[in-house]
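# what's the 3D shape of this:
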Amino acid sequence: MLDQLQRYNVVWDTPSQDCYGSMPIGNGDIGLNVWVQSDGGLHFYIAKTDAWSEQGCLLKLGKVRVGITPNPFKPGMAFKQTLDVRNAEILVEAEGVRVRVWVDANHPVIHVEVESETEVGVNVDFNMWRTAQREITDPQEQGSIYFAYSKDDPRPMIIEPDTLVKGQKDRIIWYHRNEWSNWRDNLRAQNQEELADQLKDPLLNLTWGAVIQGEGLISAGEMALRSAKPGNKFSVDITALTSQPDTAEKWLQQLDETVAMASSLPMEQRLKEHRQWWEDYWNRSWIFVEECWNQFEVTRGYILQRFINACGGRGAQPIKFNGSLFTVDAWPGLAREDGSIPDADYRQWGGPYWFYNQRCVYWSMPFSGDYDLMMPLFKMHTDGLTIAKDRVKRYHGHEGACYPETTWFWGTLTTGDMPMEGTKESVDHMIANSFYYFWNGGIELASLMLDVFENTQDYEFARTMLLPVASEVVTAYDQHWPRDENGKLRIWPSCLTESGPTYDNPCTEVSAIMHIVPRLLALPEELTTQELRSQWDRLMREMPELPTFELNGLKLLDQAKDYKGPRDGAGNSEMWAVWPYRLFGIDKPNLDLAVATFANRFRQASGGWQQEGIQAAMLGLAISAAQAVEFNFTAKDKYSRFPAFWGPYFDYIPCQCHGNVAMTALQRMLMHVDGEKIILFPSWPDFWGVDFKLHAPHNTIVEGSHRRGGKTTWKVTPEWRAKDVVLRGPQ
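Now for the predicted structure:
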């Protein structure tokens, strides 16, 4: 199937005008936006998953231009720029010049290779725009940083400068070092400052930057290199590093050691191993759609989104829902009155992780076997468990952990969620964010962890990540909410997703517990304890019924018990019992109830985090699912040249919710898993052809194909799992 990937390369036959015409590439931790302009330069922004500022904003490392003389990219000249998705390389060919850009999958190094039939010169210019401390006063730009400040905080919002290391010979070095940190202020704002003496500040002294050098390149100023003489072959190597040493000098020493370690291997070996990593990645899983209305766009969208996931998904922190590593200068729709726009450090919704959005990025990964890309998400929340437990104990006086909607990567709520220090609200540690009682993120996180365990049967993962998180999250629900007169759990006041905490037994919360607890009870007994199993069993017996109501004599799922709010609220939260909590679906009870609810949903829309395509696929509604998938995979940002830069919808460009929701829907059209059962083609239109390879519980791999109106085939590995496969389509 690898040969088929070439059909979905992105190929351009003209240079781009600016950064909105960039292509993404990366190695999981370092990401580039690469574009070529007719000025003779190859340009790229550099981003890294852990380049956090003093306030917790994810900033760019910088911008680089590699210029070639004489200019091979003049208007009217033959030109070709290709994103080779199979090998994760960008290739540029023009007037006898060939440029290859790749980010080593196994080392923190960016490579730009230039080869020419005739002798050329090469110039490398580094652009560092954070050269002095700058106060952010523009209200639009403040939206990228204000979460680091308490409500009505009078302190100025500032960005600190980078440091250029002067006096370097034939190389350029720069870094950003956090000499101060917002971390303790953040803990103090939510009455958790005592933890500052127990935990390490993740921002203070955090230092990130890079070195640019290359064979045959010499200094041409503090921020420029040039070729010593014209030649036919040049290479530019950029090594990036993030660490948290006591001094900048130690970081510089670590940078030299990182360069030496990477360069100790021959370039040919590094390139071979890089390509092998990507070959293994693409061999894990695939979906190639044929014979549908927009078959090329659907398959390409799936491939390119999975490519983007791999480019930004193996770093120190998870993929950012609002652009991953691939934001550029602010979206033109955010231009100021004078026409100027915020620089490439801007990203709408800033540096925090919003779980309501973040979860969408990871739903598809268990089916594609991309467990390594999920580990940063799991590690972030496991590392934040101490803060999550302390929050529950301190605020509510009982055990357990909660993961509210908006948190920093170290686990606290954003400072912007808190009242100004010294007010009555702050003394009472009140939460200014009305979404605080949307605790659902912890349950859904546990569900994702269970997906991984059920697939991999990795007991060490279950012991160190799954159970520590899941047991504490369930305990918080169990101990926090009272019981009603019938001894049933009453979840009130609580949020309907992103609606305020005024609801009684929301469908989101009730379905979440009803979904997660039986799966925990099904874990091997050696992983749990009798005490935990007794708690979980009791909690299931104390669960209230899912809320329902009648519409024109038709029984439907409701958003909450006795719900009186607007039917357009909370993004069809009644459908969460279908997805992500899978209480209803093919071969499950009361399917008609769920189908009728879907048919009468108020919000009928796809795009962004909206999940109706997945829900349709879970209910066997093939045409509805297909339409949603096709919409998502053809709805790119109008300003971006790259076909898989979706958005902005509710997030930012490129919207990672949008593409990954479509990936998940396409997978669920092909396969459902329910305990041991594997259901194939549950929502697949008969007139769509397809070849696929997906992952299922018990280290199972399912491969299959269908041809329009014709033959359907499948095979399962290991063979003993064949008895659990059920064919329910195509339709």
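# list the contacts of residue 387.
Residue 387 makes contacts with 192, 195, 199, 410-412, as judged by C-beta atoms under 8 Å, 6 or more residues apart in numbering. Just so you know, the C-beta spots here come from the backbone N, C-alpha and C atoms, and that holds for glycine as well.
# do the same with residue 551
By C-beta under 8 Å, 6+ apart, the contact set of residue 551 is residue 600.
# ok so, going back, show me the two of the contacts of residue 387 that sit farthest apart.
Spanning the widest gap among the contacts of residue 387 are 192 and 410, at 11.1 Å by C-beta to C-beta.
# before we move on, the earlier item: would you list the contacts of residue 387 in a markdown table and tack on distance to residue 289 and pLDDT?
A markdown table is the format used below for the contacts of residue 387 (distance: C-beta to C-beta, whole Å; pLDDT from 0 to 100):
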| residue | distance to residue 289 | pLDDT |
| --- | --- | --- |
| 192 | 49 | 91 |
| 195 | 49 | 96 |
| 199 | 47 | 97 |
| 410 | 41 | 97 |
| 411 | 40 | 96 |
| 412 | 43 | 93 |
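# in strands, which of the residues you listed appear?
The members of the contacts of residue 387 all map outside strands under DSSP state E.
# make JSON lines out of these and add neighbour count and distance to residue 14.
Compiled in JSON lines, these are given as follows (neighbours: other C-beta atoms under 10 Å; distance: C-beta to C-beta, whole Å):
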{"residue": "192", "neighbour count": "20", "distance to residue 14": "54"}
{"residue": "195", "neighbour count": "17", "distance to residue 14": "55"}
{"residue": "199", "neighbour count": "17", "distance to residue 14": "52"}
{"residue": "410", "neighbour count": "21", "distance to residue 14": "45"}
{"residue": "411", "neighbour count": "25", "distance to residue 14": "47"}
{"residue": "412", "neighbour count": "25", "distance to residue 14": "47"}
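# between those, which is closest to residue 511?
residue 411 (25.7 Å).
# how much space between the closest one and residue 279?
According to C-beta to C-beta, to the nearest Å, residue 411 stands 37 Å off from residue 279.
# now residue 619
37 Å.
# what about those two, which has more around it?
Ranked by neighbour count (other C-beta atoms under 10 Å), residue 619 and residue 279 place residue 619 first, with 27 against 12.
# elements contacting the longest strand seen in the chain?
Criterion DSSP E: the longest strand present in the chain is strand 109-127. Under the contact criterion of 3 or more C-beta pairs under 8 Å, 6 or more residues apart in numbering; DSSP states H and E, strand 109-127 touches strand 58-69, strand 97-103, strand 172-177, strand 224-227, strand 231-243.
# nearest to residue 614, out of the ones you listed?
strand 58-69 (27.7 Å).
# and that closest one, what's buried?
Buried residues in strand 58-69, counted by 16 or more other C-beta atoms under 10 Å: 58-68.
# now that strand: mean pLDDT?
Averaged across strand 58-69, the pLDDT comes to 98.
# in its sheet, what does it sit against?
Here strand 58-69 has these sheet partners by DSSP bridges: strand 41-52 (antiparallel), strand 109-127 (antiparallel).
# residue 503: which of the ones you listed is closest?
With C-beta to C-beta as the criterion, residue 503 lies closest to strand 41-52 of the strands paired with strand 58-69, at 34.9 Å.
# not counting stretch 631-648 itself, show me its contacts.
10, 12, 16, 20-24, 294, 297-298, 300-302, 304-305, 307-308, 326, 331-333, 348, 606-608, 613, 653-655, 658-659, 661-662, 665.
# who are the contact partners of residue 300?
By C-beta under 8 Å, 6+ apart, the neighbours of residue 300 are 8, 633, 643-644.
# what's the answer for residue 39, then?
Taking C-beta under 8 Å, 6+ apart as the test, what residue 39 contacts is 67, 71, 73.
# nearest to residue 675 among those?
Closest approach to residue 675 among the contacts of residue 39 (C-beta to C-beta): residue 73, at 57.0 Å.
# now, which of the contacts of residue 39 sits nearest residue 248?
Relative to residue 248, the closest of these is residue 67; by C-beta to C-beta it sits at 30.0 Å.
# what's across from that closest one in the sheet?
For residue 67, the beta-bridge partners are residue 41, residue 123 (DSSP bridges).
# quick one: it from residue 44, how far?
Residue 67 is 13 Å from residue 44, where distance means C-beta to C-beta.
# on that earlier part again, just put the contacts of residue 387 in CSV and tack on distance to residue 564.
As requested, the contacts of residue 387 are exported to CSV (distance: C-beta to C-beta, whole Å):
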residue, distance to residue 564
192, 36
195, 40
199, 43
410, 39
411, 35
412, 34
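# give me every residue that touches the nearest residue to residue 292 once chain neighbours are set aside.
Spatially, and ignoring its direct neighbours in sequence, residue 292 is nearest to residue 688 (4.3 Å; C-beta to C-beta, 6 or more residues apart in numbering). Contacts for residue 688 (C-beta under 8 Å, 6+ apart) come out as 289-292, 295, 626, 706, 708, 730.
# from those, keep the buried residues only.
Among these, those buried by neighbour count (16+ other C-beta under 10 Å) are 289-290, 292, 295, 626, 706, 730.
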